[in-house]
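>>> Curious how this folds, go ahead:
(chains A and B)
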Amino acid sequence: MKQDNITIALTGNPNSGKTTIFNNLTGTRQHVGNWPGVTVEKKVGTVVHNGYRLRVVDLPGTYSLTAYSIEEIVARRFLVDEKPDVVVDIVDASNLERNLYLATQLIELGVKLILVLNMADMAQSRGHQIDAGSLGKLLGVPVVFTVGTKNEGTKDLLDRVVEVVEDRDTVSRHIHISYGHEMEKEIKNIQDVIWQDPSIGERFSTRWLAVKLLENDTAVQDRVNSFGEIGKQILAQAEASRERLTEFYQDDAEMILTDQRYGFINGALKEVLKVTTKTKIDLSRQVDLILTNRVLGFPIFIFFIWAMFQVTFTLGAYPMDWIDAGVSWLGAVMAGLMPAGLVRDLLIDGVIAGVGSVVIFLPNIMLLFFCIALFEDTGYLARAAFIMDRVMHMIGLHGKSFIPLLMGFGCNAPAIMAARTLESERDRILTILINPLMSCSARLPVYVLLAGTFFGASAGNVIFSIYALGIALAITMGKLFRVTLFRGETAPFVMELPPYRLPTLKSLLIHMWDRSKIFLRKMGGVILVGSILIWFLGAFPRHPELTHNYGVDKEPISNIQAKEVASESSEQMPGSPELKAEQKGEVQAEALARLSQSYLGRLGQVIQPVFGPLGFDWRTSVAVVTGFVAKEIVVSTLGVLYVAGADVNEESEALRRSLRGSGMTPLGAYTLMAFVLIYVPCLATVAVISRETNSRKWAAFSIVYSLALAWVVSFLIYQGGRLLGLGV
Amino acid sequence: MIPLSEFKEGERGLIARVNGRGRFRKRLQEMGFIKGAEVFVEKYAPLRDPMELVLKGYHVSLRVEEAAQIMMEKLENS
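Have a look, this model is predicted:
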């Protein structure tokens, strides 16, 4: 290796095919993570070329480098602070004018730049003839043609990178975009002050600093401010210059600068771009006329969403069953291999059951991400947002929030990850926070049990009202958060509608796997710890004052429970012997006694007063606590505590009779359903929220607010219902 | 001068001025909504909001309330 630490940064507009180029360059040798402190994806890969090991960093796709969006801040910070050896700007060759705007900013930044004209084939078929040589000379940067989808031009690009690294290329030179006499005069005035401290010029391009200060860029102002006394002088000069310019142009300097950059691009394009043939038939446009048609647009959209659900949850059910069986089998095998005892219980009930309950979502998640990658990479996602924006905007959200919210009805964990498609951090966090109010499929068994038991024929309507309650609360909370936590102007809906494209299977799979991997890797740890904790609370203290010998092998209740969760049915576990009826009764009686004595049971009794005003007794309180791990556990816990029978499901008649006999009223049941709807959906979701917002604070906030909301709403329902004499 | 939000499908015009302030205006400018640029109204969304525009050879959507900030000179041959 001649030089080992060469860093290449890839920049470019969204939809410029940057990710495809990145995949072409690095293949599968990539690492996906997050940029520090934000939820923007960071991809790094390596490639060896001509004896160089090149580290390729994929910067977020941006239209510009003003520090307005998170993506822009991240990209700019990397370029300014990490000083990559070469910056490769990926440009959509068929959409040069707007794409080159970013290039003008990179030139201004004074980085070593290579311009990649991607999708060269599409530009050609549209009749765009680009004189790359002249363009390179005008901009002072080497220009390379590529067709990312066909992997053309990749080697050429790498050759150029090496040339630039070795300072062998003949095109690179530093050019200045001229901003006109008055503007240049003020740039010079600011530069004069900056030059008083030569150390600044060694770190930054002084022209870039001056221009950014004229643009009133707060991030640069903060940085200049940190220079000390000289910084204050620079800022004072910048302020004076801006005032003078505003007076001269009768407009903000930043607007004039943008105008001038586009003017420069226009001038350059007049020389290098020839549009020979008029566009024949724009296929993408024809397709779009149908897909966003006034009449057909919504039905087609609904069909696609329906298909995505079908694929995710119907097709996904098969591998889920296999995983479920595999996990049960593993548990049974372990049970057979190991002597009964603490370690076995921990492994089977804590580790295997706990991790199994997360891994089981993997097929769903992979299929879902495949569908979303498909929507995203074909360009349909932008159209879905286009169609839905009117509806979503009414509740203060972005059109793109729709898909994550809808997915929430299936499972909140991948739904929250799907919020990544939202560019604005604010929209994303808001969407994430209200997502758990979309009642996920794991909550359905609880509703089926309670509504079926207490509402008979009208159970369907009751369950529907719970879903509606969730949506109404999501709208209310969305609006509330918008006016409290996320105040300020909303980002404009300037969303590019890229041409429809046929993505490659490889890029779809990479896209899907990148996200699934994050889910697996990060969730595993949290879930593991959480499951072990709940297991511990249910299994300890180990030998409570239970002196009665029940005459069968002791099996901690959480074991039965975990099996119940894993199988979600009343089938016997493979490998566990059929229990005779009376034995069963004894096991269950013991189980009840055991659980009521465990930390979990004691906890339920301790916190029962909190739930008293909602009409919950201690058993319901315990069920609610265990439901924190996953909502379907509520059913099995209720089963254990009310019938003292663990092998129940939501259809179980014994449990229904016991519930009815327990003093629970229809009102109490409805209150419990509402509570289950609103409070923390499950541990996995909390973990995903923490991961996706990149902040434990938001995860904690989500827990606290959902618990508080659940309590208040349940309180209103229960006490209100009692006052009105409903369902008591 | 009339606001872009009053344009019908298939109409085109030149941008005369972008109103509004700060971030909003800057973002529009960066995306190519600059004085003199030609804008073609491709279509409105099924619920009449947002609208799809063709600008500088690419398609972009904008909410109607945002398009109201863009003052246009209508081109008659549309």
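
>>> Check the stretch 501-650 of chain A for the residue nearest chain B and tell me.
A:Arg501 (13.1 Å; CB to the nearest CB). The C-beta positions use only the backbone N, C-alpha and C, and glycine is treated the same way.

>>> Would you enumerate the residues in contact with that residue?
For A:Arg501, the contact set (CB atoms under 8 Å, 6 or more residues apart in numbering or on different chains) comprises A:149, A:377-379.

>>> nearest to chain B, of these?
A:Gly379 (9.7 Å).

>>> Just the CA atoms of stretch A:149-169, as CSV, please.
Extracted C-alpha coordinates of stretch A:149-169, given in CSV (Å, rounded to 0.1, in the frame of the first residue of the first chain):
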residue,chain,number,x,y,z
THR,A,149,-27.4,0.7,-12.6
LYS,A,150,-25.1,-1.0,-15.2
ASN,A,151,-22.0,-0.6,-13.1
GLU,A,152,-20.3,1.4,-15.9
GLY,A,153,-17.6,3.9,-15.3
THR,A,154,-16.7,2.7,-11.8
LYS,A,155,-13.1,1.9,-12.8
ASP,A,156,-12.8,5.1,-14.6
LEU,A,157,-13.9,6.9,-11.5
LEU,A,158,-11.4,5.1,-9.3
ASP,A,159,-8.6,5.9,-11.8
ARG,A,160,-9.5,9.6,-11.5
VAL,A,161,-9.6,9.4,-7.7
VAL,A,162,-6.1,8.0,-7.7
GLU,A,163,-4.9,10.7,-10.2
VAL,A,164,-6.3,13.4,-8.0
VAL,A,165,-4.8,11.9,-4.9
GLU,A,166,-1.4,11.8,-6.6
ASP,A,167,-1.8,15.3,-7.9
ARG,A,168,-1.4,14.0,-11.5
ASP,A,169,-4.6,15.3,-13.0
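
>>> now that stretch, how far from the centre of its chain.
Here stretch A:149-169 is found 34 Å from its chain centre; the criterion is CA atoms, centre = their mean, to the nearest Å.

>>> same thing with stretch A:459-477?
Counting by CA atoms, centre = their mean, stretch A:459-477 comes out at 24 Å from the chain centroid.

>>> Pull out the buried residues from it.
A:459, A:462-463, A:465-467, A:469-471, A:473-475, A:477 (16 or more other CB atoms under 10 Å in any protein chain shown).

>>> Quick one: mean pLDDT over it.
Stretch A:459-477 shows a mean pLDDT of 91.

>>> any idea which helix or strand carries the most centrally placed residue in chain A?
For chain A, A:Met417 is the residue whose C-alpha lies nearest the centre (CA atoms, centre = their mean; 3.0 Å). If you go by DSSP states H and E, A:Met417 is part of helix A:412-418.

>>> Considering only helices and strands, which part of chain B has the lowest mean pLDDT?
The least trusted helix or strand in chain B, going by mean pLDDT, DSSP states H and E, turns out to be helix B:22-30, with a mean of 86.

>>> Residues touching that helix, excluding its own?
A:63-64, A:66, A:68, A:101, A:254-255, A:258-259, A:489, A:491-492, A:494, B:18-20, B:66, B:69-70.

>>> What's the per-residue pLDDT of residue 74 here?
Going with chain A. Among the per-residue scores, A:Val74 holds a pLDDT of 90.

>>> meant chain B, my bad for not saying
Per-residue confidence (pLDDT) for B:Lys74: 91.

>>> now do A:Val287
Reading off the model, A:Val287 has pLDDT 91.

>>> and it, which of the three is it?
At A:Val287 the chain is in helix, as set by DSSP: H, G, I helix; E, B strand; the rest coil.

>>> where does the residue nearest to it when sequence neighbours are not counted fall, helix, sheet strand or coil?
Of all residues beyond its chain neighbours, the one nearest A:Val287 is A:Tyr500 (5.3 Å), with distances taken as CB to CB, 6 or more residues apart in numbering or on different chains. Three-state call for A:Tyr500 (three-state DSSP): coil.

>>> Could you measure from A:Tyr500 over to chain B?
Noted for A:Tyr500: a distance of 11 Å to chain B, by CB to the nearest CB, to the nearest Å.

>>> In contact with that residue, which residues are there?
A:283-284, A:287-288, A:378-380.

>>> Try it again at 6 Å.
A:284, A:287, A:378-379 (CB atoms under 6 Å, 6 or more residues apart in numbering or on different chains).

>>> Tell me the confidence at it?
Looking at A:Tyr500, its pLDDT reads 91.

>>> same question, A:Phe493
Looking at A:Phe493, its pLDDT reads 80.

>>> How about it, nearest residue that isn't a chain neighbour?
Closest residue to A:Phe493 apart from its sequence neighbours, by CB to CB, 6+ apart: B:Arg63 at 4.6 Å.

>>> The one you found: neighbour count?
21 (other CB atoms under 10 Å in any protein chain shown).

>>> again, but for the one 5 residues further on
Neighbour count of B:Ala68, defined by other CB under 10 Å: 15.

>>> Could you check how far it is from chain A?
Going from B:Ala68 to chain A by CB to the nearest CB gives 12 Å.

>>> so how many other residues sit close to residue 49?
I'll assume chain A. A:His49 sits with 16 neighbouring residues when counted by other CB under 10 Å.

>>> ah, no, chain B please
Neighbours of B:Asp49 using other CB under 10 Å come to 21.

>>> So it sits against B:Glu66, correct?
No: checked against CB atoms under 6 Å, the pair B:Asp49 and B:Glu66 is beyond contact range at 9.9 Å.

>>> rewinding a little: which of the contacts of helix B:22-30 fall within strands?
Among the contacts of helix B:22-30, the subset assigned to strands under DSSP state E consists of B:18, B:70.

>>> Let's see which of the contacts of helix B:22-30 end up in helices.
Of the contacts of helix B:22-30, the ones assigned to helices by DSSP state H are A:101, A:254-255, A:258-259, B:66.

>>> which of these tops the neighbour count?
A:Thr258 leads the ones in helices among the contacts of helix B:22-30 on contacts (other CB under 10 Å) with 24 neighbours.

>>> State the three-state secondary structure for the residue nearest to A:Pro666 when sequence neighbours are not counted.
Using CB to CB, 6+ apart and skipping the chain neighbours, the partner closest in space to A:Pro666 is A:Gly727 (3.7 Å). Put simply, A:Gly727 is coil when judged by three-state DSSP.
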